[in-house]
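>>> the sequence isn't on hand, but the structure is:
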């Protein structure tokens, strides 16, 4: 009789060990799946506010001494500080314009504003003439200017894709 009781108790213990192992395996798999998804699911992209607005007040393109130079004045008509500007220029026939303030073309250029930001109602005049010879090839004519604002949102730069300001600019020889 005692032998039968010991055998019954052992059966109960082995069933419990089976359940514990099953729970441990399930939790381990769920932790692995969570960590895998955390790495591969894209994080939320910073977004621009709806009250972002830049206006191109003046743009000038001059061809002189075998080089093309470009300057502009922009006004922040929105309700937020503008932290960066992507200035693009290109032929009317091109859909994709070249980045004018490209740091790889000239180390003194930057998409970030020199004073750090542009306050609402404040005007930005480019502190230097951008060399755009590589875009215009010293050819007079009509070019399309695009200015795209960027603001810092949650510590990251949010590029305002829906708020691109476009203007025609004529490059003339002086």
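Structure's in. What do you need? In this text, all values refer to a predicted model and were calculated from it rather than measured experimentally.

>>> for the protein, what spans make up the strands?
Taking DSSP state E as the criterion, the chain contains strands spanning 54-64, 67-76, 84-91, 98-99, 123-125, 130-131, 141-153, 156-159, 165-173.

>>> out of the ones you listed, flag the one nearest residue 20.
strand 156-159 (44.7 Å; C-beta to C-beta). Heads up, the C-betas are built off the backbone N, CA and C, glycines and all.

>>> so where's the chain shaky on pLDDT?
Low-confidence regions of the chain, defined by pLDDT under 70, span residues 1-12, 106-108, 127-128.

>>> quick one, domains of it?
As assigned by automatic domain parsing, the chain contains the domains 1-41, 54-173.

>>> closest one to residue 47 among those domains?
That would be domain 54-173 among those, by C-beta to C-beta, at 5.6 Å.

>>> centre of the chain to stretch 160-174, how far?
On the basis of C-alpha atoms, centre = their mean, to the nearest Å, stretch 160-174 sits 20 Å off its chain's mean C-alpha point.

>>> swap in stretch 92-104?
Distance of stretch 92-104 from the chain centroid (C-alpha atoms, centre = their mean) equals 16 Å.
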